[in-house]
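S.K.: Here is a sequence with its predicted model. Questions after.
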Amino acid sequence: MSGAGLATAALAAIQSLDAPALDVFFDLLVDEFSPDPARVEQAAAAYGTHPSSTNLRRLREAVEPPRQELFRRLNLAPAGLARLIEMRRRLLCTLADHVQRASIDDDLVQLFRSWFNGGFLLLQRIEWSTSALVLERLIQYEAVHEIHGWRDLRRRLEADRRCYALFHPSLPDEPLIFIEVALTRGMSAKVQPLLHPDSVVVDPRTVDCATFYSISNCQEGLRGVSFGNGLINQAVADLRRAFPQLRMFATLSPIPGFTRWLATATASLGCDVISAELAALLARLAAGDAPDPTTMSGDLQSELSRLCAYYLLHAKRGNVPLDPVARFHLANGAFLERLNWLGDTSVAGIHRSLGMCVNYLYRFGDVERNHQAYARENKISASCEFERLATLQVG
C-alpha cells in the first residue's frame, strides 16, 4: 500500500513539472539512474572467466538501468501506466535536442513492449452502443480520414461497416489502435464513397470483400510499440466468422510520402527529360501548392501513376520501402495489388499523394510466404500489373 501511495504521489509531482523542471528530471534519470560502468565491466569480466548461471544473473542485474525498476514501481499507482505513457510522450518532444535521453526512451519502450504484449490486449468491436467516451476517442484519434462529427461516425459503424480496437485492461477507456472496415462488393478503388455519411447501407450478406480503409494509432507515448499486425489478424478472424462468404481482404491505403519524394524524383531516377506538364507540377509542389488532380491531363495522370508505382516498389530507406504504410502492410505479408488514380480526393489525400491511393491485398494462402520473403530478403510482393506499371520509363 505504501508503494502504491508513493508511486501515486511521485507521478502527480512529475506530471505537474513545467518544461524546465522536466528537463532537470530527465537529466537526473540519465545521470543518476543509469548502469554503473565499473560494475558492468566487473560483472562482464566475471562471466567471461566463468560463465555460470550466477555470474550471468549478476551481469543482467549490472546492465539493467536502475530507472527501469523506478518505472516498474511507478506503475504500481492506480493510473501508473497512463502516466508513464504521458511521461514518454513528453520525453519524445525533447529527444531532438537531448540525444543522451534516448537511453530513457529505450528503457520505456522495452517495458511497454512487455506490458503491452499481445496476450494482454483485448479486441473490442466498436459499435454505436459503445460508451460515448470511447466513441469520442475515435473522433479524436482518427489519423487517416478525419471524422466530421457524430453523424459521420455513425455511418462508419453501420451494418456494412466494422470498427475494431485493441485495449489494455489497465486502460479500459483508451483505445491503443483501431481499424475501420467497409464490407463491399468487390475491392474498393475510391475512399470518398465509403466515407460519405449519406451513402446507401449495403446488405452485409451480399458482400464479398472486407476493405480496411483506415488504421490509427492512438497513443503517441506508445510510438514504436507495434499493435497493427495483431489487430489485423484478429479483425480478419472475427470477420470470417461473421461473414464466411468473404473472399477478399484488402486495404484502401494512403501513400503518405509520395508528394515529398516526388520533389526529388527526377534526380533520384536520373531522368533528363520529363514532360513540361510534370515539370510545372514539380515547381508548384516545391512552392507548397497542391494542384487539383481532377484537372490534370491523361498524359500527366499516366506519368504520375508510373512514378507512384515506382515509388512504392523501388524508393527505399536503407533496404526497406521509404513509404511507412508500405512498410507496415508488406511486413505483415500483404502484396501490392492496384494503384488507384483519384482514390482519395480529400485535401489530405491531395497533399499526401495527389489523390492516389493503393490496394494492398491479404491473400491468406500467400501471407506467410510474402512475410518471410520480405523479412529475410526485403522482397516486395506485387501483382504483375503493378510491376509493369512501375517499370515503364518516365518522361
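M.R.: Received, thanks.

S.K.: Skipping adjacent residues, who's closest to Trp126 in space?
M.R.: One thing to correct before we go on: residue 126 is Ile, not Trp. Leaving aside its chain neighbours, Ile126 sits nearest to Cys163 (4.1 Å; criterion: Cβ to Cβ, 6 or more residues apart in numbering). C-beta here means a position set from N, CA and C on the backbone, and glycine is covered the same way.

S.K.: now that we're looking at the one you found, how far away is Leu153 from it?
M.R.: Applying Cβ to Cβ, to the nearest Å, the value for Cys163 to Leu153 is 9 Å.

S.K.: which residues are common contacts for the two?
M.R.: Counting by Cβ atoms under 8 Å, 6 or more residues apart in numbering, the common neighbours of Cys163 and Leu153 are Leu138.

S.K.: Which of the helices or strands spans Leu194?
M.R.: Secondary structure from DSSP states H and E places Leu194 in helix 192-195.

S.K.: elements contacting that helix?
M.R.: Under the contact criterion of 3 or more Cβ pairs under 8 Å, 6 or more residues apart in numbering; DSSP states H and E, helix 192-195 touches strand 209-217.

S.K.: Tell me the buried residues in the strand it packs on?
M.R.: Residues Cys209, Ala210, Thr211, Phe212, Tyr213, Ser214, Ile215, Ser216, Asn217 are the ones in strand 209-217 that count as buried (16 or more other Cβ atoms under 10 Å).

S.K.: Now flag whichever of those is closest to Gly343.
M.R.: Of all these, Tyr213 has the smallest distance to Gly343: 10.1 Å, by Cβ to Cβ.

S.K.: Hmm, that closest one is touching Arg161, no?
M.R.: No - shown here, Tyr213 and Arg161 do not form a contact pair, counting by Cβ atoms under 8 Å, at 9.6 Å.

S.K.: Give me the common contacts of these two.
M.R.: Common contact partners of Tyr213 and Arg161 (Cβ under 8 Å, 6+ apart): Glu180, Val181, Ala182.

S.K.: so can I have a markdown table of these showing distance to Asp105?
M.R.: As requested, the shared contacts of Tyr213 and Arg161 are exported to a markdown table (distance: Cβ to Cβ, whole Å):
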| residue | distance to Asp105 |
| --- | --- |
| Glu180 | 30 |
| Val181 | 33 |
| Ala182 | 37 |
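
S.K.: So which bits of stretch 326-341 are buried?
M.R.: Buried residues in stretch 326-341, counted by 16+ other Cβ under 10 Å: 326, 328-341.

S.K.: Asp299: which of these is nearest?
M.R.: For the buried residues of stretch 326-341, the residue nearest Asp299 by Cβ to Cβ is Trp341; the value is 12.8 Å.

S.K.: pretty sure the closest one contacts Ser305?
M.R.: Yes - using Cβ under 8 Å, Trp341 is in contact with Ser305, at 6.0 Å.

S.K.: Now for those two: what residues contact both?
M.R.: Common neighbours of Trp341 and Ser305 are listed as Met356 (criterion: Cβ under 8 Å, 6+ apart).

S.K.: can you map out the strands along the stretch 251-395 of the chain?
M.R.: 316-317, 320-321, 335-340, 357-361 (DSSP state E, counting those that start in this stretch).

S.K.: export these to JSON lines and tack on mean pLDDT and distance to Ile139?
M.R.: Shown next, in JSON lines, are the strands of the stretch 251-395 of the chain (pLDDT from 0 to 100; distance: least, Cβ to Cβ, whole Å):
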{"stretch": "strand 316-317", "mean pLDDT": "92", "distance to Ile139": "32"}
{"stretch": "strand 320-321", "mean pLDDT": "94", "distance to Ile139": "30"}
{"stretch": "strand 335-340", "mean pLDDT": "96", "distance to Ile139": "26"}
{"stretch": "strand 357-361", "mean pLDDT": "98", "distance to Ile139": "22"}
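
S.K.: If I look at Ala242, what pLDDT would I see?
M.R.: Note on Ala242: pLDDT of 96.

S.K.: Can you give me the neighbour number for the closest residue to Phe227 other than its chain neighbours?
M.R.: Distances taken as Cβ to Cβ, 6+ apart place Ile177 nearest to Phe227, at 4.4 Å, with adjacent residues excluded. Counted with other Cβ atoms under 10 Å, the neighbours of Ile177 add up to 22.

S.K.: Ile177 reaches Phe167, doesn't it?
M.R.: No - shown here, Ile177 and Phe167 do not form a contact pair, counting by Cβ under 8 Å, at 9.6 Å.

S.K.: Find the centremost residue of this structure, please.
M.R.: Asn217 (5.9 Å; Cα atoms, centre = their mean).

S.K.: which residues does it contact?
M.R.: Asn217 makes contact with Tyr141, Ala143, Leu176, Ile177, Arg223, Phe227, Gly228, according to Cβ under 8 Å, 6+ apart.

S.K.: if we go to 6 Å?
M.R.: Ile177 (Cβ atoms under 6 Å, 6 or more residues apart in numbering).

S.K.: Who does it form a beta bridge with?
M.R.: Asn217 has these beta-bridge partners by DSSP bridges: Ile177.

S.K.: any idea how far it lies from Arg162?
M.R.: Separation of Asn217 from Arg162 (Cβ to Cβ): 18 Å.
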